[in-house]
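**Student:** Starting from these lines, generate the structure:
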Amino acid sequence: MPAGARSRADDRRRAAVEEFASDVRYYVTRRPRQLPSKYLYDDLGSALFETITLLPWYRLARAEMRLIGAHGREILASLGAPAATIVELGPGNGTKLATLLAARDSGSPSLSVHLIDVSPRALTRAVRTVREAAQAEVVSHEATYEDGLLELAQAFGASHRTLVVFFGSNIGNFDPPAAAAFLRLIRAVLRPGDALLLGADLVKEERRLLLAYDDPLGVTAAFNRNLLVRLNRELGAAIDLPAFGHRAAWNREASRVEMHLVCDRGCRLAIPVAGVDLALAPGETLWTESSYKYEVSGLQRALIQAGFERGPVWIDDADRFALMLAQAGG
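**Tutor:** Sure, this is the predicted structure:
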């Protein structure tokens, strides 16, 4: 690697560590104590999450794939004019988008696909999967959703249609104000007639929800604890991993599943790079992720308030999952 490129790569790594440390310092000192969920998805975390989607208790991924497979052609036809640019936020391994693109008509115009994710490992796999399925130009962007969208906004042209795809019920990882702000951002970078295809997990029985986030094999627990592994590896912490358990809880009033790391005995959070040295009492938790569950009507209201027009909805009744297509209003 040339010296200049190596220097830029080192600068990016240092900036990423500084941002990680700053975020940890801010959130872990709040009440309730928290750790930002976006840091769950390093290479190991992304691999563990892919495994979670294969578990029999995590049914939303399969429900979403069933909807895409059954209605892909209808979804694309509902756009009116074919999309010339497709942007997927958080593509995972790329199979969902590849399934949707397999439904394109053979005579469809050339397509440009952009994939945005913070995980380089996920991007590498997704690019390969989508490129093979779509025979299209596929460009990866290692960035947050917000930064990636803003980077791409200037490339969205008035002469062709853009579709933003946000699968996996990832909208549920935003609290309601943040979800509203994020939908407004998506709308702001689109032009009238462009569209958003959104996957959302719906409210269902508490037992089914908790099994999806606290599986009997302990894969979700490992996914959650991996955040502590990152603190040890990247921020110089010396956290005793066995001292923390995993807990999933359904907060009915807020309509969300919460994931926590629970201090099973007296725990110390000494994180030198973040300037943190805290003692946690037995039973005290670190709140690591929220997954909000929706009713269709509530999410449609949020889309309209963000500047989208009401569009078609496809629902998997068996596992209570929805795909929504919403066009950017004029």
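
**Student:** the strands in the stretch 151-300 of the chain, which residues?
**Tutor:** Using DSSP state E, counting those that start in this stretch, the strands of the stretch 151-300 of the chain run over 161-166, 195-201, 244-251, 256-263, 267-271, 276-280, 285-292.

**Student:** Between the two ends of stretch 252-265, what distance do you get?
**Tutor:** End-to-end distance for stretch 252-265, by Cα to Cα, to the nearest Å: 28 Å.

**Student:** Report the mean per-residue pLDDT for that stretch.
**Tutor:** Mean pLDDT, stretch 252-265: 96.

**Student:** before we move on, what about stretch 233-240?
**Tutor:** Here the average pLDDT along stretch 233-240 is 95.

**Student:** in that stretch, what's buried?
**Tutor:** E234, L235, A237, I239 (16 or more other Cβ atoms under 10 Å). C-beta coordinates here come from the backbone N, C-alpha and C atoms, glycine included.

**Student:** Rebuild the strands of the stretch 151-300 of the chain as JSON lines, extending it with distance to L67.
**Tutor:** Formatted as JSON lines, those follow (distance: least, Cβ to Cβ, whole Å):
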{"stretch": "strand 161-166", "distance to L67": "13"}
{"stretch": "strand 195-201", "distance to L67": "8"}
{"stretch": "strand 244-251", "distance to L67": "24"}
{"stretch": "strand 256-263", "distance to L67": "21"}
{"stretch": "strand 267-271", "distance to L67": "42"}
{"stretch": "strand 276-280", "distance to L67": "42"}
{"stretch": "strand 285-292", "distance to L67": "19"}
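
**Student:** Tell me who's in contact with the residue nearest the centre of the chain.
**Tutor:** Taking Cα atoms, centre = their mean, the centroid of the chain lies closest to N170, which sits 4.1 Å from it. Residues in contact with N170 (Cβ atoms under 8 Å, 6 or more residues apart in numbering) are L89, G90, G199.

**Student:** May I see the strands of the stretch 151-300 of the chain organised as a markdown table, with mean neighbour count and distance to E137 added?
**Tutor:** As requested, those are exported to a markdown table (neighbours: other Cβ atoms under 10 Å; distance: least, Cβ to Cβ, whole Å):
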| stretch | mean neighbour count | distance to E137 |
| --- | --- | --- |
| strand 161-166 | 24 | 14 |
| strand 195-201 | 25 | 20 |
| strand 244-251 | 18 | 40 |
| strand 256-263 | 21 | 37 |
| strand 267-271 | 18 | 42 |
| strand 276-280 | 14 | 44 |
| strand 285-292 | 21 | 33 |
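
**Student:** how about those, which one is nearest Q34?
**Tutor:** Closest approach to Q34 among those (Cβ to Cβ): strand 285-292, 4.5 Å.

**Student:** and T85, which of the strands of the stretch 151-300 of the chain is closest to it?
**Tutor:** Nearest of the strands of the stretch 151-300 of the chain to T85, taken as Cβ to Cβ: strand 161-166 at 4.4 Å.

**Student:** okay, now I116: neighbour count?
**Tutor:** Residues lying near I116 (other Cβ atoms under 10 Å) number 24.

**Student:** Check A322 too.
**Tutor:** Around A322 there are 23 residues (other Cβ under 10 Å).

**Student:** Assign it to helix, strand or coil.
**Tutor:** Secondary structure, DSSP: H, G, I helix; E, B strand; the rest coil: A322 is strand.

**Student:** What of Q327?
**Tutor:** With three-state DSSP as the criterion, Q327 reads strand.

**Student:** what residues are up against it?
**Tutor:** By Cβ under 8 Å, 6+ apart, the contact set of Q327 is G193, D194, A195, F308, E309, G311.

**Student:** 7 Å instead, please
**Tutor:** Applying Cβ atoms under 7 Å, 6 or more residues apart in numbering, one finds that Q327 lies in contact with G193, A195, F308, E309, G311.
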